[in-house]
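>>> What follows is a protein structure lacking sequence information:
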């Protein structure tokens, strides 16, 4: 039994119409174009990382088209017979109550090419035959098994949602739920979610049930921290490279980018002099492989990436060391974020100036100290349409 | 001035409005002018250093082509500000969808700093150029044409802009001084030119900033402005590192990068220039310069600039410690 209390917020506040799907304007535009041109292409694939709003967008499409939605999960795609039975006829018939119909195939990643033999094939056939738009969602559409699917469908990518948009969503929900959470805490949830609105809402809901809201920082991070602490200790304290060292990050439940940040933050707490240089050298080489993976999509480089982060860092020293080191949380991302908050005005000033003077915002940002000397008269400020806040920022003396 | 809009920002107020107003780049001007007069331009690629007139020439071309209605037929995009090729493509698409207004059968898209686009983005751009070639002309600008894919270069007529000569910049400065009622000594002009490295926009910006203090421009005044506008010294970072203080060095580095909004590439460039002035042995200078080069290479290949810079300062820390040890070991050591 699910009482109203227990409905997950990510379901309760699922977007209803296009305007509710936050931070995906580009994707929505593409979907609109797809719908207009239907049936030139019969199906659209919404793909993107978890929590970016794929399913929400699918429901929003149904809402905007005043259509009934017919949903299939990966588990329903077991065999040909079942698919034909469920959507074969449905796709040819019109609904009794609503004019339109949309077929939603959620999380198509789950379809294993071998286990659901024919599942994908049937889906392709269905796309050919269907009289209604088909919406498919997927996390990773670039897998080889989707080669054919990609060719027959319109691809629409949903980008990771900016933390500021996540923050707005959280604030809206807080208001509706009458729960008071400081904006600082909300911001940290939004940043931690890394573009995953569902995760952010889950965290917020969990938090709202807890006694003291200060605990928010611990939500979900507690386990991760324990595992990264153990791994760091192992790498930093041991000099022996064995199979355990090679697999040291296997148990760490954390994206590799975060592992980089943890190592980066804590190397100087453990190493000095030559060891420090060696350790950073290993980290820097690991980062080079990370860059190559990103650019060339050659995933096997991950072997070297993990090796350098583990064995590479460990080998910076000759002997095992003892003692306990209190490792710190990575602080760089937070510092960058704080600085961006502080420099928000600077950025908007530079944007206005850049547009006015045919240069890039980046160039204007670089020249900002000089611009400050130029943007002094009131005429010039009116010409650039600077706001009062921006003018105050320009007039504020520099703090060291 | 007789222009329709009279800006208070001098770089705009004194931006040349006609081919005849531009200084330097004579050959380029001649050819671009004749292309423009034929009322049918090919795709153009302007390559050259900052402040040599690339954007200005692009603006003059569209104003000549379209006259009064140039704003309706012209789209300016800055590749280093647009968030990705998708955005660029969408904007181009929206702009190219409607027909050009007036007699000219195409519109013009100016893509500034095109070398900021990745290879993949440039590939995508190449398709876009082809798709809209009947309704649009692209004018692109970049600092280094080598960073533009060959297939794109081959679709464009390429013009290489030279750094402006001192006498050319002087012409513009004299015009500004006369109009604004400034007095500039010869030494002051030399100081202006020195500080700008031939970048005409920077010269004018410096001049305007200086004139906000006094209309009598002197070398001292210019130097005050220049040192005020100079980004914080990267030397502090290296000083901390050589004295063995890694934590402060990296703290300072992050601080400078964030506050001055400078990239890792800029930092590497500054470090490379600074190494030779450090109070260390020549052999160490060579070794550290090599390290700096390696760091720049890794920075290009890698994904997190800051990690690469940290690795570099860690080797500066090590070099500093070794230097101290050697100095103490040898009696009366150099």
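Nice, thanks for sending it over. Computed from a prediction, not measured in an experiment: that's the story for all the values here.
>>> For the rest of this, base every contact and every neighbour count on C-alpha atoms.
Fine.
>>> From the chain's centroid, how far away is stretch B:310-319?
If you compare the mean C-alpha spot of stretch B:310-319 with that of the full chain, they lie 29 Å apart, counting by C-alpha atoms, centre = their mean, to the nearest Å.
>>> again with stretch B:45-58
Between the centre of stretch B:45-58 and the centre of its host chain there is 10 Å, according to C-alpha atoms, centre = their mean.
>>> so where do the strands sit in chain B?
Counting by DSSP state E, chain B has these strands, from start to end: B:43-47, B:74-78, B:107-112, B:136-142, B:156-160, B:183-184, B:216-217.
>>> Distance of the residue lying closest to residue B:293 once chain neighbours are set aside relative to residue B:210?
In this structure, residue B:293 finds its nearest non-sequential neighbour in residue B:272, 7.9 Å apart by C-alpha to C-alpha, 6 or more residues apart in numbering or on different chains. As judged by C-alpha to C-alpha, to the nearest Å, residue B:272 and residue B:210 stand 30 Å apart.
>>> what do you get for residue B:273?
Taken as C-alpha to C-alpha, the spacing of residue B:273 relative to residue B:210 amounts to 27 Å.
>>> Which SSE is immediately downstream of the longest helix along chain A?
Using DSSP state H to assign secondary structure, the helix with the most residues in chain A is helix A:273-296. Of the helices and strands lying after helix A:273-296 in sequence (DSSP states H and E), the nearest is helix A:302-307.
>>> Next, the buried residues of that following helix.
The neighbour-count criterion (16 or more other C-alpha atoms under 10 Å in any protein chain shown) identifies A:302, A:304, A:305, A:306, A:307 as the buried residues of helix A:302-307.
>>> Mind giving me the packing neighbours of that helix?
Helix A:302-307 makes packing contacts with helix A:273-296 when contacts are defined by 3 or more C-alpha pairs under 8 Å, 6 or more residues apart in numbering or on different chains; DSSP states H and E.
>>> Give me the contact list for the helix it packs on.
By C-alpha atoms under 8 Å, 6 or more residues apart in numbering or on different chains, the list of residues contacting helix A:273-296 from outside reads A:260, A:264, A:267-268, A:271, A:298-299, A:301-302, A:304-306, A:308-309, A:312-317, B:244, B:298-299, B:301-304, B:307-308, B:310-311, B:314-315, B:317-318, B:321.
>>> residues from chain A in reach of chain B?
Residues of chain A found near chain B, taking C-alpha under 8 Å from any C-alpha of the partner chain as the criterion, are A:264, A:268, A:273-274, A:276-277, A:280-281, A:283-285, A:287-292, A:294, A:336, A:339, A:343, A:357-362, A:365-371, A:373-374, A:376, A:379-380, A:383.
>>> Count the residues that sit near the residue lying closest to residue B:311 once chain neighbours are set aside.
When the adjacent residues along the chain are set aside, residue B:311 lies closest to residue A:280, with 4.7 Å between them (C-alpha to C-alpha, 6+ apart). The tally of other residues near residue A:280 (other C-alpha atoms under 10 Å in any protein chain shown) stands at 29.
>>> for residue A:12, same thing?
Using other C-alpha under 10 Å, residue A:12 has 11 other residues around it.
>>> sorry, back to before: show me which positions of the longest helix of chain A end up buried.
A:273-293.
>>> same thing with stretch B:110-128?
Here stretch B:110-128 shows B:110-118, B:122, B:125-126, B:128 as buried, counting by 16+ other C-alpha under 10 Å.
>>> and these near chain A, which?
The subset of the buried residues of stretch B:110-128 within reach of chain A, by C-alpha under 8 Å from any C-alpha, is residue B:112.
>>> Just to be sure, which of the buried residues of stretch B:110-128 are found in helices?
Counting by DSSP H, the part of the buried residues of stretch B:110-128 found in helices is B:122, B:125, B:126, B:128.
>>> in the stretch 201-334 of chain B, which ranges drop under the pLDDT threshold?
B:231-232, B:327-334 (pLDDT under 70).
>>> Where does it get nearest to chain A, residue-wise?
For the stretch 201-334 of chain B, the nearest residue to chain A under the criterion C-alpha to the nearest C-alpha is residue B:302, separated by 3.7 Å.
>>> helix or strand right after the helix or strand bottoming out on mean pLDDT in chain A?
Within chain A, confidence by mean pLDDT, DSSP states H and E is lowest for helix A:88-92 among all helices and strands, at a mean of 52. Using DSSP H and E, the helix or strand that follows helix A:88-92 towards the C-terminus is strand A:100-105.
>>> Now do that next one: distance to the chain's middle.
A distance of 27 Å separates the C-alpha centroid of strand A:100-105 from that of its chain, computed with C-alpha atoms, centre = their mean.
>>> pLDDT of that strand, averaged?
Per-residue confidence for strand A:100-105 averages out to 82 on the pLDDT scale.
>>> partner strands of that strand, parallel or antiparallel?
For strand A:100-105, the paired strands and their directions (DSSP bridges) are strand A:67-72 (parallel), strand A:134-138 (parallel).
>>> Now do the shortest one: everything it contacts.
By C-alpha under 8 Å, 6+ apart, the residues outside strand A:134-138 that reach it are A:42-48, A:54-55, A:58, A:102-109, A:127.
>>> ok, 6 Å please
Contacts to strand A:134-138, defined as C-alpha atoms under 6 Å, 6 or more residues apart in numbering or on different chains, come from residues A:43-47, A:102-109.
>>> Which one (most neighbours) among those?
With neighbours taken as other C-alpha under 10 Å, the top of those is residue A:43, carrying 29 neighbours.
>>> Could you find the closest non-adjacent residue to that residue?
If you skip the residues right next to it in sequence, residue A:43 has residue A:134 as its closest partner in space, 4.5 Å away by C-alpha to C-alpha, 6+ apart.
>>> Show me what the one you found is bridged to.
residue A:43, residue A:103.
>>> tally of neighbours for it?
A total of 24 residues lie near residue A:134 under the criterion other C-alpha under 10 Å.
>>> Domain-wise, how is chain A divided?
A:9-157, A:163-219, A:222-332, A:343-395 (automatic domain parsing).
>>> possible to save those domains as JSON lines with distance to residue B:16?
What follows is the domains of chain A, written out as JSON lines (distance: least, C-alpha to C-alpha, whole Å):
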{"stretch": "domain A:9-157", "distance to residue B:16": "38"}
{"stretch": "domain A:163-219", "distance to residue B:16": "41"}
{"stretch": "domain A:222-332", "distance to residue B:16": "41"}
{"stretch": "domain A:343-395", "distance to residue B:16": "13"}
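>>> quick one, which of those is nearest to residue B:61?
Proximity of the domains of chain A to residue B:61 was assessed by C-alpha to C-alpha; the nearest stretch is domain A:343-395, lying at 14.8 Å.
>>> where does the stretch 301-400 of chain A have low pLDDT?
Judged by pLDDT under 70, the stretch 301-400 of chain A has its weakly predicted residues at A:397-400.
>>> do the same with the stretch 51-200 of chain B
Low-confidence segments of the stretch 51-200 of chain B, defined by pLDDT under 70: B:83.
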